[in-house]
Structures are given as C-alpha cells and as structure tokens.
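Chemist: have a look at this fold, sequence not included:
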C-alpha cells in the first residue's frame, strides 16, 4: 500500500490532535481519548471492512466518531455506514460535491472545501483571463465523475464550454483513447486535470510522452505533484503548469489558532520527528485532518458534559452493522452548532449542508524555473466568495513556453494557410478572368475581412464549374478544402456530414421567370387614355355646348331652320362634336357668339385630341407585362408541368421540391449551372426556376433585365461557411463573423453587392389623363362660353332697340334672308344698319 505526503502528514496531525487533547487533560467520563488508525489506500471494500472491524472489536472502549476517510469514493460508503450506526464521520480530504447533501449523508461532515467551491474558483479564473472553454481529463471514480459534473454545471451557468472529456482509467492507469489526437483536434488549449496526486502524475507523464504540454497547451491541475519524479529533460515543458488547491487560512493571512497549531507541531516533532518536514511545509490536508479531529474532540467533551454518565453507549450487538450509538442525535446537534477557530481557519457547520460554511480558501501555484531546478510558486489566491487576487509576495505568472503573456485558451488561425474553396456564382464569386487574383464578389470580400481579423493565409481555389453543391460539401468532409465560402445553404442533411459557421447571409428561395407580354389589348382599351371623370366632363361639356349652340344659332342659321327642336339639338351636337374631334361639319355658324363657341371647341380639340392620341398610342405600343405565375402555390397546384420547372442539381432547392411539391419524385428539369437556368428561361425551354433571393435580385437588376422574380419568399434559411466536423478553428471563426455583424461591416458588404441596379425600374403607373391635368383648358372654354353668351345677349339688345316696331315674324324673315345671302356670298359682309 502506497504512502504519500498527504497520508503521512494527515495521520501525524490526527495523532497530534489526540495527544494534545490528552496533554490538555481533556477526558470523556474520566478517560483520555484514544485512537485507532487504518490506511485504506482508496479501496472501498478495504475501507468498509477496516471500519466495521474497528467498531465490532471495541469491547473495552467505544468508537465515538470517525475522522476520514481520505478519498471521496470511500467517503460515500463510510458516510452511509456512519449514518446506519449513528456515528459522526468527519473527512479532511473527500471533496466530492455529492457528499454535500445533508439528506443523503446526515452524519457526514468535512473540513476541506467541496468541489462545488473549487468549480466556482475555476470559473472565476477562466472569466478573469477571458478563457471560454477547456478539455477535462478525469479519473473514473466518484471523485472524478462528480467533480467533472460540478465543473461542467458551473461552466454552463457562466457561459463557458467543456469541449472534450477524457477518461483516465484508475485500474489500468492509462488514458482511454488517443490523448494526443484528442487534444490537437480540440479548439481549446486549456487542459483541466481532475484527479488525485497519484493519478495526476501518470496523466502528466503521458502528456509529456505525447508532447502535448507547454508551450502548446496550458495545463491546470487540481493537485500539486512531486516534480523530482520527472526527467530533467522535460522541465522546460513543465514550466507554466498551474495548480488550484485548497489551502488553510494562514496562507491568505486569515486568522487561525496559531497557538494550537504550534502545539500540534511540537507534539508531532516529539513523537514522529522523522516524518516532520524540515522545511515546515506541511500538506494543507494535514491541517484539515487536525481540525476534523479537534472539532470531534470538542463536540464529545461538550456532549458528555450535558449527558448523564455513561454518555457513550452503543447497543449490545457485536456485529458492526447492527450496532448503533444511542445518543447520536444529541452529539450531531452539538457538531452542527459548535464554532471555533481551528488551525485551518474559522470552522462552523449547520443543518443544511455537510460543508463548512466558512473558511474556504484556494491558491494558484505555478511551475517556474529556479536557480537550480523547477518548483511550484504561489502566484494567486482566492477566498470564497470572491475573486482571484495576487498572492502576497508573488511577482509574475510564467505561462507555458516561459511566456509572461496569458494564453488566449483556444487555437488561432494566425499564420495558418487555409485552403478555401469558392464556386462561381453571381454576386458571391464573380470570375473576371481565369486568374484567382481577378475574383470579385461578396464571398471574396468576406474572405478578405476575415483574413484581416484572423491573420490566416488564404489559398483560394476556384472549383470546377460543373461541381454540384453536394460534391462541394463532400470535398470539405474529405479534407480537399479546409472551408468553402459561398452561397451554401445550411440544411440538416448537410450538417450530418460537415459543420457550418454562423450565418453569413440570410437566404430564402424565390421563383424566377421571364417577363411575358400580351399583344391582345382590352376591347375597351381605346377608352383608357382618358379617366372616367374626364370622359364624363367631356360628355357634359359637349352636351352643354350643343344646347348653347342651338340657342344662339337656331334663329339665324339656315341649317337649323324649318326643323324640330330635337333635330336642331342633334344638328348642334353634330356641329360641336365635329369641331371637337377636328373633323369639321358641312355648315357654318351665322353669329358672332357661334364663332366664339367654335374657337373654344377648336381649343378643346387641339389639346384633347393630341393627348388622347398620344396616350392611346403609348398604351398600344408599350407592351404590358403579364406573369404566368403568381407564386409557389401555383407550382404546388400543378399550374406548370414538372418538365417546365428547372432546378439546379445538388442544391437545397432540390430537397424543397421533392419534399413540398413532387412527393419525392424527381420529375423536374435538371439544371447543371446557373447560366443554363437563365438560358433555358430565355429560350423558352422552361417556364420557371428556383433561385436564392440574393442572387436572383442581382441577376434581374443587373444582368438579365427581361427576367423577373414572382411570388413571395419561401424556404427561408441561411448561408454559412462550410467547415469539417469538429474543426478546431470553428469557435474563432464564429466569434469573428459575429464581430463583423456587430460592427456593421457585414451589412456594408451586403449593401455594396446586393443593393445595386443597372436595369431601369419599370412600374405600371396609370397613364389615363385626369380632369385636373386639363382643368385650365375647360376653364378657358367656360370663359369663352360666357363671352359668347354675353355677345349674343348684347346683339339681341341692339336689334330690339333699333327696330322696336318690327314684329317678331318680320324679324325672323329678315334673319332668314340675311343668312341666305351670306351663304351665297361668303366674302361679303353687310353692316347691321342695312337690315
């Protein structure tokens, strides 16, 4: 059975506490407290057997409590055994977080801080140095398993990540799996070892053999190990290793019972001088062992002072599992309420947890080179709850590779050559010539932004034109390319083969078709140049003008004589419409008012006919667009035959078509390139094709102005950079893509490439002329009508004034005669005075 510094020092301080109690004349029922010790070595059954034997064979004395055991895997069983027989069990080094549950372990206590506190201390260290992830190597027993669970839970609660769990088999004392491969292929460069001192040594030696210590990785151990056990040639690789260990209060200048501590040391030197370290460097677990023993002694003394003799009574059975401490509850109540300043710091327990509720301290030691050797140097200290601070007297932390700069904790692409595959597609990768140097586009600019941020060396490779996206995905999985940057949609099927970065473009599908036209106008299209209100206004004007014309001309115009009133109105309407359309009629006006009305009609004719002709010609010659589809539902309803639907082979559109439209039947027209799709649309081979929204908008706005997108977006998704499974640089890539998005650089890139347009925007606006457009014309005509009516009235008034005795019949005869003469002699005029 192996003996270690921990076991030697702990047993010595345990015995010192008993002997010191005897020295201080602390007795129980008039007798000195005695002890019995066993070294179990971590074997659960041996620990249980030795404990059972000690309880069963104590005929002359009574076992009143158990100090220990040292290992968590033993403490679980001994804690249950103590609960069964009613004895308090106080451990000095069992840190398993599951032992903290008071309901599961009613009689268990411990003076060492639990793994829950250690996990919080580790989390605070990660946050302090901005580390985001780690790899954990742990031993496969309750201490290792539960410790990892506690650390993992603490990491998740604080946004940190455990990238890899590696098991150290305590039976074979070997790492399960390939340690070197697991570490190198992990994105994290922080390795946390959760194992006892013996197993930690084997783990570190394995790491040295595989050359995965410093300077490549930063190792954090949960315990210090004897450095003299390693070959001197490995010392440079060990420099930079750090340990996080529980310590006693005196290390952090916290008040402790120094008198008691010095007395214990004196006892130790008196009885076992050969085991006392000359350097006075006592293992902290030894001080926890002393406090565990001392608090049990103090509790027993107080307990027996309040209980009538005999206070230590077990039932009469000789079999250990059938024995029970009669006054167990009273003793446990005293332990739960006692407070003291021990050699490790203040100690206090309560009913809710098995842990000490104060006095939890840690320090961080760093392997540094000294003048002759390497050694652990304390550099940071931690008091729960709190944060890490510089250790008193510490200078600097030496990190792996003897660096003074803290590691970033993850793999970096800086200086790494990346084989980047790009596929020729509009907007994303535009090939201006065969040279890689002449590639442009959104993907090329994005690669440059990432190169600026991450300092990798891009080796851009343009894939062959006939390569499908499925083949491109497989090429990344096969290691032909490190990454692929382009319009690659993230799908569940693809994520089974490769991984994807954060989104570089929010995508959806649209339907693309050619702009189609109709050569058959509406049968009433000749009415469209004027709006309905203008037509009503025109007709109202025509009717009103016809009535007015009839009124002013019916008495003097020979063509309106000897006709009925209806016939006169019809002839007047014929006259007005004839002049409105610029055709004229076969008779003339006979009055000045009529001539003025004719001028107004000519003005209407000039503007309205010109406007009508221009708009009608525009409507009949400018072809109107008329799409054959309205959206994706038309395809689902079978409006277009499957062989007229073009889909590019190997794209995400194929998956959508098979799932949502054809029920798994590949009856579409296969396309093998984007250009084939555009050519097939323009040559009427297909009627519609699927396109990504970004590419589609670029094509119709900048290249093929006679193609268009129809319907709403569907099958929304994202484009991501394709990387291999478990790519170690993925986390760094995602962080930088997120940074580009937060700083607006990604949005600027989208504006640059997706918001340009060469094709003119054609919007079908109404071309019909409204009344407001020609309102001034009608106002002018109204003024002319008014003037014409005034002229007519004025002229009638002069006639009545100069010829008052002429009868109405004679006046009509004279007017008829004058009209007849005017028709016969058009170039002669007669003054009014001759009538």
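Modeler: Nice, thanks for sending it over. Values in this document were obtained by computation on a predicted structure and should not be read as measured data.

Chemist: what about residue 91, distance to residue 72?
Modeler: 8 Å (Cβ to Cβ, to the nearest Å). Backbone N, C-alpha and C define where each C-beta goes, glycine included.

Chemist: shared neighbours, the two?
Modeler: residue 99 (Cβ atoms under 8 Å, 6 or more residues apart in numbering).

Chemist: so what's residue 752 up against?
Modeler: Residue 752 is in contact with 442, 445, counting by Cβ under 8 Å, 6+ apart.

Chemist: just the pLDDT for it.
Modeler: With respect to pLDDT, residue 752 scores 89.

Chemist: for residue 518, same thing?
Modeler: 49.

Chemist: over to residue 6?
Modeler: pLDDT at residue 6 comes out at 86.

Chemist: what's the helix or strand hosting it packed up against?
Modeler: In the assignment (DSSP states H and E), residue 6 maps to helix 5-23. When contacts are defined as 3 or more Cβ pairs under 8 Å, 6 or more residues apart in numbering; DSSP states H and E, helix 5-23 sits against helix 258-271, helix 284-306.

Chemist: so which residues of the stretch 251-400 of the chain form strands?
Modeler: Secondary structure of the stretch 251-400 of the chain (DSSP state E, counting those that start in this stretch): strands located at 339-341, 346-348, 361-369, 374-383, 389-390.

Chemist: comparing those, which comes out most buried?
Modeler: Counting by mean count of other Cβ atoms under 10 Å, strand 361-369 has the highest mean neighbour count of these, with a mean of 22.

Chemist: list of residues touching that one?
Modeler: 113, 117-118, 121, 125, 224, 227, 235, 238-249, 251-252, 254, 345, 374-384, 388, 391, 397-398, 402.

Chemist: that one vs strand 374-383, what angle?
Modeler: Here the directions of strand 361-369 and strand 374-383 differ by 160 degrees (axes from the mean of the first three to the mean of the last three Cα atoms, to 10 degrees).

Chemist: enumerate every residue touching the residue nearest in space to the middle of the chain.
Modeler: When Cα atoms, centre = their mean is applied to the chain, the residue found nearest the centroid is residue 502 (7.1 Å). Taking Cβ under 8 Å, 6+ apart as the criterion, residue 502 is in contact with 720, 733, 734, 737, 738, 741.

Chemist: what about the longest helix in the chain?
Modeler: helix 592-621 (DSSP state H).

Chemist: can you give me the strands in the stretch 701-835 of the chain?
Modeler: 707-723.

Chemist: give me the distance from the longest helix of the chain to the chain's centre.
Modeler: Centre-to-centre, helix 592-621 and its host chain are 66 Å apart (Cα atoms, centre = their mean, to the nearest Å).

Chemist: for that helix, buried residues please.
Modeler: Applying a neighbour-count criterion of 16 or more other Cβ atoms under 10 Å, one finds 593-594, 596-598, 600-601, 604-605, 607-608, 611-612, 615-616, 619 buried in helix 592-621.

Chemist: mind checking which of the helices and strands packed on helix 5-23 is nearest residue 631?
Modeler: helix 284-306 (73.4 Å; Cβ to Cβ).

Chemist: and that closest one, what's buried?
Modeler: Along helix 284-306, these residues count as buried under the neighbour rule (16+ other Cβ under 10 Å): 284-300, 303-304.

Chemist: who is residue 483 paired with across the strands?
Modeler: Bridge pairing for residue 483 (DSSP bridges) gives the partners residue 420, residue 723.

Chemist: what is the nearest of the contacts of residue 502 to residue 331?
Modeler: Of the contacts of residue 502, the one sitting nearest to residue 331 (Cβ to Cβ) turns out to be residue 734, at 56.9 Å.

Chemist: and the helix or strand harbouring residue 537, what does it pack onto?
Modeler: Residue 537 belongs to helix 532-553 when elements are defined using DSSP H and E. For helix 532-553, the elements it packs on are helix 565-580, helix 592-621, helix 775-802, judged by 3+ Cβ pairs under 8 Å, 6+ apart.

Chemist: what residue ranges in this protein score low on pLDDT?
Modeler: Scanning the chain for pLDDT under 70 picks out the ranges 1-2, 58-61, 433-437, 516-526, 618-628, 761-778, 780-781, 791-792, 795-835.

Chemist: that older thread, how about CSV for the strands of the stretch 251-400 of the chain, with distance to residue 184 added?
Modeler: Below are these laid out as CSV (distance: least, Cβ to Cβ, whole Å):
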stretch, distance to residue 184
strand 339-341, 50
strand 346-348, 46
strand 361-369, 22
strand 374-383, 25
strand 389-390, 33
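
Chemist: which one, of those, ends up nearest to residue 669?
Modeler: Per Cβ to Cβ, nearest to residue 669 of these: strand 361-369, 67.1 Å.

Chemist: in its sheet, what does the closest one sit against?
Modeler: strand 242-247 (antiparallel), strand 374-383 (antiparallel).

Chemist: got the angle for that strand vs helix 284-306?
Modeler: Using the same axes, to 10 degrees: strand 361-369 against helix 284-306 is 160 degrees.

Chemist: what does the helix or strand hosting residue 147 contact?
Modeler: Element membership for residue 147, per DSSP H and E: helix 142-157. With Cβ under 8 Å, 6+ apart as the test, helix 142-157 has contacts from 71-73, 76, 94-98, 115-116, 118-120, 122-123, 126, 134, 136, 138, 160-162, 165, 168, 192, 194-196, 222.

Chemist: the same query, at a cut-off of 6 Å, please.
Modeler: By Cβ atoms under 6 Å, 6 or more residues apart in numbering, the residues outside helix 142-157 that reach it are 72-73, 76, 96-98, 115-116, 119-120, 123, 136, 138, 162, 194.

Chemist: show me which positions of it end up buried.
Modeler: By neighbour count on 16+ other Cβ under 10 Å, the buried set for helix 142-157 is 142-152, 154-155.

Chemist: then stretch 504-516?
Modeler: 504, 505, 507, 508, 509, 510, 511, 512, 513, 514, 515.

Chemist: and stretch 454-474, by the same measure?
Modeler: Across stretch 454-474, burial judged by 16+ other Cβ under 10 Å covers 454, 456, 458, 460, 463, 467, 468, 469, 470, 472, 473.

Chemist: one more: stretch 323-342?
Modeler: So, applying 16+ other Cβ under 10 Å, buried residues of stretch 323-342: 323, 325, 327, 328, 331, 332, 334, 335, 338, 341, 342.

Chemist: follow-up on the earlier one: distance from the helix holding residue 147 to the middle of the chain?
Modeler: Worked out by Cα atoms, centre = their mean, helix 142-157 lies 26 Å from the chain centre.

Chemist: what's the first helix or strand after that helix?
Modeler: strand 161-169.

Chemist: what does that next one contact?
Modeler: Outside of strand 161-169, the residues within contact range by Cβ under 6 Å, 6+ apart are 133, 135-137, 139-140, 152, 155, 175-176, 182, 186, 188, 199, 203.
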